[in-house]
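**Student:** Sequence first, then the predicted structure, then my questions.
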Amino acid sequence: MPYPWNPPQAFSSVKEYLDYYRSIFLDFCGEEYVNELFSCFPMDTKVYLTHGDLLPQNIMVEGSTITGIIDWETAGYYPEFWEYSRMHDAGLMTPGWARVLTRVSPGPRQEKEIRAVYRILRLLRNNDACFI
């Protein structure tokens with residue numbers, strides 16, 4: 001997460017993770033907005049060490065072989081829905097990347113989670129006010 005919203009310690013659960021960021025948003029957004037924003041995230045998921053920004057521009061490929069993954073500045077322990085949502089960045093979606101994602105994550109897209117993650121990131125990065 002962008003400074004100054006990076007947590008002081010690792011979280012022991014997804015609930016703790018979401019509660020931390022929810023409390024930040026409650027400082028500058030209305031409770032109804034925050035409840036709606038965070039309500040789509042599952043609490044019973046696992047936390048993993050992930051890249052945090054695994055998108056085509058960060059995957060080095062030679063032919064059809066992945067030769068490296070770069071840009072680890074956002075790596076950390078995130079709920080499993082976080083990397084999934086970051087990988088679905090609409091601004092970086094290409095037909096090829098969409099095919100990769102379909103193979104990696106079969107099943108219906110988690111649109112609510114994807115949209116909520118991007119709303120959170122936009123608000124934190126731009127320090128936007130919440131409009132209710």
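**Tutor:** The structure has been received and is ready for your questions.

**Student:** where in the protein is pLDDT low?
**Tutor:** Scanning the chain for pLDDT under 70 picks out 1-5, 127-132.

**Student:** any idea where the strands of it begin and end?
**Tutor:** With DSSP state E as the criterion, the chain has strands at 47-50, 59-62, 65-69, 76-79.

**Student:** Strand partners (parallel or antiparallel) of the third one?
**Tutor:** Read it as strand 65-69. Under the criterion DSSP bridges, strand 65-69 sits next to strand 59-62 (antiparallel) in its sheet.

**Student:** Tell me which residues are up against the partner strand.
**Tutor:** Outside strand 59-62, the residues that touch it by C-beta atoms under 8 Å, 6 or more residues apart in numbering are 66-70. (C-beta placed from N, C-alpha, C; glycine too.)

**Student:** Now do the nearest residue to residue 66 once chain neighbours are set aside: how many residues are near it, please.
**Tutor:** Using C-beta to C-beta, 6 or more residues apart in numbering and skipping residues adjacent in sequence, the residue nearest residue 66 is residue 59, 6.1 Å away. If you count neighbours by other C-beta atoms under 10 Å, residue 59 ends up with 16.

**Student:** and the gap between residue 59 and residue 71?
**Tutor:** Distance of residue 59 to residue 71, given as C-beta to C-beta, to the nearest Å: 10 Å.

**Student:** ok, the closest residue to residue 104 other than its chain neighbours - contacts?
**Tutor:** Nearest non-adjacent residue to residue 104, counting by C-beta to C-beta, 6+ apart: residue 87, 7.8 Å away. By C-beta under 8 Å, 6+ apart, the contact set of residue 87 is 54-55, 101, 104-105.

**Student:** export these to a markdown table and tack on distance to residue 77?
**Tutor:** A markdown table is the format used below for these (distance: C-beta to C-beta, whole Å):
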| residue | distance to residue 77 |
| --- | --- |
| 54 | 15 |
| 55 | 19 |
| 101 | 22 |
| 104 | 20 |
| 105 | 20 |
